[in-house]
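Visitor: this is a predicted model, with the sequence first.
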Amino acid sequence: MTGDLFERAGIQMAAGRAGGGARAKAAGKAKSGAKKPARKAAAKPKPARSNGRKTAAARQPTKAAAPRGHAYSARDIEVLEGLEPVRRRPGMYIGGTDENAMHHLAAEVLDNAMDEAVSGHASRIDVHLAADDTVTVADNGRGIPVDPHPKFRKKPALEVILTTLHSGGKFSDKVYETAGGLHGVGLSVVNALSDRLTVEVAREKTLWRQTYARGEPKAPLRNMGPVNNRRGTTVAFHADPKVFGDAARFRPATLYRMARSKAYLFKGVEIRWSCDAKLLKNKDETPAKATLHFPGGLTDFLASTLKGRKTLTPEPFAGRADLNGGGGKLEWAIAWPLDEEGFLSSYCNTIPTPQGGTHELGLRSAVSKGLRSYGELVGAKGAAKIMPEDVIGDASVMLSLFINNPQFQGQTKERLSNPEAQKLVETSLRDHFEHWLSAAPETAKTVLEHAIERAEIRLKRRQDKDLKRQSATRKLRLPGKLADCTRGRADGTELFLVEGDSAGGSAKQGRNRETQAVLPLRGKILNVASATADKLNANQELKDLIEALGCGAGEAFMEDDLRYEKVIIMTDADVDGAHIASLLMTFFFKEMRQLIEKKHLYLAMPPLYRLSQGARTAYARDDAHKDRLLNGEFKGPGKVEISRFKGLGEMPPAQLKQTTMNPATRTLLRVVVPNKTSKPAEFRDTEKLVEKLMGKRPELRFQYIQEHAQFVDAIDV
């Protein structure tokens, strides 16, 4: 499509020079002749003559050399006309002169074609990248007008648009109800920054063509004759290497993503993408040809982006709506991926707004207010704390707004600034969000609990930050009941977590003071899986534990600050001890998962029985172990005395050291958890199991007990 477009234009240009070159040359000479004297005079101002007397200026101390250009007069004032400002300062119009800015040229041309599609006058757009880095964008819209402009009688409207800044048909809503090109500089900027550009317009069964170089027309607009079954505008341009550098190239992947996003944003358009196969590298997954058409709009885009990733809700919150008062449309799609790696992509009139703006503020306000309102309706505690970042901070969000006369910050249009857009989006979106929540109570409950949990984490993080700031200059204060070890570094050190002061006393007497520390905990700690952030922050036992470890909790966890190499949960070998161990493991899983993943958490295996026969003594961890010992080394003649420990506090320190604390004679079990990155499915199963057994919903625990009761062969009551 593009390969021979410039070649055909070159033949026409040659013919034009043969017929009317003399007049153009004469006009060019006259034009250049008029400018030369002014530039010459401004470049070298004449020095002031001396009349032989010392003037006031002459009497002043003089420097060795006067600054260059010290003379400043009216001759130094330049007036840039036409497209010269663009070539002098391209960064003002496209944000720079790097490859990203160069791709903005393609976006400007594609936006013009999309405006035709959104207004209902085009249904197809072709985008092609040629081997010589020429980009061609063609649409089947109305075509740029070619008749003489009322203000410039000797120029067709097409030439006015391509050579004059702030010219176009989008300053009012007479031609386009909603449009992305609003400043009237897009196509003229592309023309100014291209070393060659060819435009073809098919209107009323007639084809017109004109060629340009660096913003200047190389030939007049030409009638190429009648055409059938063709309408619209075709623009082919090659970015000027004098502006962007010889090494700058259009990236097929970037242009393809640009074209695909436009197709998602407006379901009524079909975009045909193609590029020269030579431009595609081996690992480039960009197709050489593709037809992009998505009837589902943003919902299709979100499904494609999240393909293979599980989400919090079965279906995304998605829809379309007319804005209150008319004159605009809104489309959105929101999903909550379980991996919590979200994004927020917003658009206005198909123009991407990576820096957000008032439409994003409207969305954030709508979902937070809507969810808070629903939470208050169902009586959910903590709903009042929900902020926008708690709802969409980890969500994948697509937002597309169409409004009249959008106001962007800068020509690159990266941020929407219309004040009324926030209220329009908030009003429309909140109404639909509240209906969506009410129609699916289970889904709404899931989203609500998720947001409340994030709110609690956010508040806890803020509290930890404030506490850290307040105590930054204070000396480290350890919990009063902690019997710390004497070694100054973490290597080879251990912290034993024991239940109660009695067990703590035995452990403190049986430990190695250099490497082993002991922290007694008072009874059963808080179940963090079902507790609020406020309760967690107020729990003294957990605060003591976090303070003793020194590494922080939640997102503030820092492994390098961990004060011990091993953290060992040492509880009684009975049901109560197992329950306390479960609560502690739940705490570490929820608040310090990295401590488990980095192999720092262990379970001690204290004995439940002591068996003695004469001079022989052994310890059994449980009933099964006791039976094996009785049928093994204690099978011989003689009475076997069996005593059961009621708790670690009743064990003599020497026995506790020998059986449970001495690295040479003890048994430890390391707590493991599936890696969230390498084994996501197993990790999610573990997460669900913890939530089922330790979470807020007792009906899930009851269900688990019913399903697994058949496997119980012994009950300790």
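Guide: Received, thanks.
Visitor: what's the domain layout of this protein?
Guide: The record's domain split for the chain, according to automatic domain parsing, is 84-292, 298-460, 479-606+645-673, 679-717.
Visitor: residues in a beta bridge with the spatially most central residue of the chain, which ones?
Guide: For the chain, Phe343 is the residue whose C-alpha lies nearest the centre (CA atoms, centre = their mean; 3.8 Å). With DSSP bridges applied, the residues forming beta bridges to Phe343 are Ser396.
Visitor: point out where the chain drops to low pLDDT.
Guide: Along the chain, segments meeting pLDDT under 70 span 1-70, 168-185, 325-326, 410-412, 464-478, 480, 711-717.
Visitor: for the lengthiest strand in it, which strands pair with it and how are they oriented?
Guide: Ranked by residue count, the top strand of the chain under DSSP state E comes out as strand 194-203. Using DSSP bridges, strand 194-203 pairs in its sheet with strand 206-213 (antiparallel), strand 232-239 (antiparallel).
Visitor: Gly554 and Lys696, how far apart?
Guide: Using CB to CB, to the nearest Å, one gets 19 Å for the distance from Gly554 to Lys696. Heads up, the C-betas are built off the backbone N, CA and C, glycines and all.
Visitor: so these two - more neighbours on which side?
Guide: Gly554 (16 against 12; other CB atoms under 10 Å).
Visitor: wait, that one sits on Glu591?
Guide: Yes. Look at Gly554 against Glu591 with CB atoms under 8 Å: they come within range, at 5.6 Å.
Visitor: what comes up buried for stretch 140-151?
Guide: The neighbour-count check on stretch 140-151 (16 or more other CB atoms under 10 Å) flags Asn140, Gly141, Arg142, Gly143, Ile144, Pro145, Val146, His149 as buried.
Visitor: got a markdown table for those residues, with secondary structure and distance to Pro663 too?
Guide: A markdown table is the format used below for the buried residues of stretch 140-151 (DSSP: H, G, I helix; E, B strand; the rest coil; distance: CB to CB, whole Å):
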| residue | secondary structure | distance to Pro663 |
| --- | --- | --- |
| Asn140 | coil | 79 |
| Gly141 | coil | 79 |
| Arg142 | coil | 84 |
| Gly143 | coil | 84 |
| Ile144 | coil | 83 |
| Pro145 | coil | 88 |
| Val146 | coil | 90 |
| His149 | coil | 91 |
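Visitor: save those residues as CSV, and put in distance to Glu84 too.
Guide: Below are these laid out as CSV (distance: CB to CB, whole Å):
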residue, distance to Glu84
Asn140, 34
Gly141, 30
Arg142, 31
Gly143, 28
Ile144, 23
Pro145, 25
Val146, 25
His149, 21
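Visitor: could you look up the SS state of Ser530?
Guide: Using DSSP: H, G, I helix; E, B strand; the rest coil, the structure places Ser530 in coil.
Visitor: endpoint to endpoint, stretch 139-147 covers what distance?
Guide: Separation of the first and last residues of stretch 139-147 by CA to CA, to the nearest Å is 20 Å.
Visitor: list the contacts of it.
Guide: 113, 116-117, 121-126, 156-158, 161, 199, 201-203, 208, 221, 230-234 (CB atoms under 8 Å, 6 or more residues apart in numbering).
Visitor: how far off centre is it?
Guide: 39 Å (CA atoms, centre = their mean, to the nearest Å).
Visitor: numbering from 19 from now on, please.
Guide: Renumbered: residue one is now 19, and that last one reads stretch 157-165.
Visitor: phi, psi of the residue lying closest to Phe262 once chain neighbours are set aside?
Guide: Nearest residue to Phe262 in three dimensions, chain neighbours excluded: Met120, at 4.8 Å (CB to CB, 6 or more residues apart in numbering). Main-chain torsions, Met120, degrees, to the nearest 10: phi -60, psi -40.
Visitor: and for Met120, the neighbour number?
Guide: 25.
Visitor: can I assume it is in contact with Gly263?
Guide: No. Here Met120 lies out of contact with Gly263, judged by CB under 8 Å, at a distance of 9.1 Å.
Visitor: Val435 reaches Phe426, doesn't it?
Guide: Rather than Val, residue 435 is Ser. Yes. The criterion here is CB under 8 Å, and Ser435 meets it with Phe426 at 6.6 Å.
Visitor: higher neighbour count, these two?
Guide: Phe426 (21 against 13).
Visitor: and the more buried one, how close does it get to Ile369?
Guide: Distance, Phe426 to Ile369, using CB to CB: 7 Å.
Visitor: swap in Leu687?
Guide: To Ile369, Leu687 is 58 Å away according to CB to CB.
Visitor: neighbour count: those two, which is higher?
Guide: More crowded of Leu687 and Ile369, by other CB under 10 Å: Ile369, with 24 against 12.
Visitor: tell me the contacts of the more buried one?
Guide: For Ile369, the contacting residues are Asp129, Gly198, Pro424, Phe426, Lys431, by CB under 8 Å, 6+ apart.
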